[in-house]
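Participant: sequence? don't have it. structure:
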């Protein structure tokens with residue numbers, strides 16, 4: 001591979017003996033943010049009483065910084081541990097009557113599907129899944145999903161699909177939902193740091209992880225709530241701020257771990273140092289070339305997606321490799337990690353198995369070259 005991109009692994013503490021090509025699952029926290037988190041933890045233990053007294057002001061400052069960075073309405077922005085929590089909170093706030101319908105697509109994240117099924121079961125409703133072929137264009141996605149919106153009680157959309165690494169035409173689908181008067185929840189797990197202006201205008205709820213592409217410590221996510229829903233949107237746990245504003249209810253969760261939220265702005269400083277928007281474009285080109293190299297080495301292919309997610313690509317596994325369930329997915333991940341020294345994601349869509357390769361500013365061409373050299377013997 002040839003690339004002018006100069007990776008910056010020096011900003012992270014990642015093990016250089018491992019090929020780290022699964023940033024999209026767990027993220028990776030830069031050294032500067034790790035150090036800030038360690039400093040804050042030491043401070044909290046030096047005087048816990050003083051620490052908790054000062055928390056409201058500190059959390060509010062961190063929340064404001066993250067909301068502004070994401071371009072979100074600060075009055076409707078709350079901090080949550082992850083998108084799964086945010087989606088669960090949103091589903092609890094909307095009206096889904098007995099016999100109602102929660103609409104998702106076939107690209108939905110597994111845990112979010114489980115959340116939809118839980119709320120459907122509690123309310124005597126059903127989950128309607130709209131099949132969307134992998135290579136559908138934006139127009140095709142809108143045409144497939146729009147008919148299901150009519151008669152739905154809530155629509156749950158991925159902004160960037162986790163299993164299939166595609167950008168969904170969320171803005172257009174939000175307009176469809178608004179025209180039909182149907183609430184829409186946007187799972188924006190991969191949005192912050194991967195696309196510009198990740199919070200879609202007009203969505204009733206949006207939840208996005210800052211621990212993925214924004215590299216914040218894990219446990220940092222944002223929930224954006226439209227004005228009509230703010231008074232009835234409640235955190236999972238009841239605490240002393242139960243009767244406060246939206247932010248106060250979510251800011252104060254008693255003896256929770258607030259350090260990831262407080263250290264998150266330092267991760268944003270690292271992205272600014274990297275000029276991340278420009279670096280992201282370079283990393284996206286690197287991943288596209290790397291995926292082609294890996295596909296050729298294993299006899300697979302790179303699907304022609306209409307809108308592939310930046311810095312993520314799918315590599316189709318050869319037809320001889322079948323993945324029939326989650327344990328089989330995990331078994332292949334573990335085998336690749338053990339025998340190829342590489343961390344990758346294994347996903348399945350519509351009965352076909354893929355490697356999902358994802359990268360950040362610490363990734364270089366050699367990571368893909370070594371993966372291509374090692375994978376054939378593993379598979």
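Facilitator: Nice, I can see it. As the structure is a prediction and not an experimental result, all values here were calculated from the model. Numbering: from 1, shown residues only.
Participant: tell me who's in contact with residue 304.
Facilitator: Contact partners of residue 304, counting by C-beta atoms under 8 Å, 6 or more residues apart in numbering, are residue 135. (Each C-beta comes from the backbone N, C-alpha and C, glycine too.)
Participant: how near is it to residue 291?
Facilitator: 12 Å (C-beta to C-beta, to the nearest Å).
Participant: and residue 318, by the same measure?
Facilitator: To residue 291, residue 318 is 15 Å away according to C-beta to C-beta.
Participant: quick one: which of the two has more around it?
Facilitator: Looking at residue 318 and residue 291 with other C-beta atoms under 10 Å, you find the greater number of neighbours at residue 291, namely 27 against 13.
Participant: just to check, that one is in contact with residue 312?
Facilitator: No: with contact defined as C-beta atoms under 8 Å, residue 291 does not count as touching residue 312 (9.1 Å).
Participant: shared neighbours of those two, anything?
Facilitator: Residues within reach of residue 291 and of residue 312 at once, by C-beta under 8 Å, 6+ apart, are residue 357.
Participant: and the top strand by length along the chain, how far from the chain's centre?
Facilitator: If each strand of the chain is counted by residues according to DSSP state E, the longest one is strand 352-358. With C-alpha atoms, centre = their mean, to the nearest Å as the basis, the distance from the averaged C-alpha position of strand 352-358 to the chain average is 16 Å.
Participant: that strand - contacts with which helices or strands?
Facilitator: Using 3 or more C-beta pairs under 8 Å, 6 or more residues apart in numbering; DSSP states H and E as the contact definition, the elements that strand 352-358 packs against are helix 23-26, helix 276-298, strand 312-316, strand 345-349.
Participant: what does that strand contact?
Facilitator: With C-beta under 8 Å, 6+ apart as the criterion, strand 352-358 contacts 21-25, 163-165, 287, 290-291, 294, 300, 303, 311-317, 321-323, 329, 332, 344-348, 368, 371.
Participant: now the buried members of the residues you listed.
Facilitator: 21-24, 163-165, 287, 290-291, 294, 300, 303, 311-317, 321, 323, 329, 332, 344-348, 368, 371 (16 or more other C-beta atoms under 10 Å).
Participant: any idea how far the residue nearest to the spatial centre of the chain is from residue 168?
Facilitator: Centroid-nearest residue in the chain: residue 189, 2.3 Å away (criterion: C-alpha atoms, centre = their mean). With distances defined as C-beta to C-beta, the gap from residue 189 to residue 168 amounts to 12 Å.
Participant: joint contacts of those two?
Facilitator: Taking C-beta under 8 Å, 6+ apart as the contact definition, residue 189 and residue 168 share the neighbouring residues 158, 159, 160.
Participant: show me how this protein divides into domains.
Facilitator: When the chain is parsed into structural domains using automatic domain parsing, the resulting residue ranges are 9-29+274-378, 33-269.
Participant: quick check: end-to-end length of the first one?
Facilitator: When the termini of domain 9-29+274-378 are compared using C-alpha to C-alpha, to the nearest Å, they are 26 Å apart.
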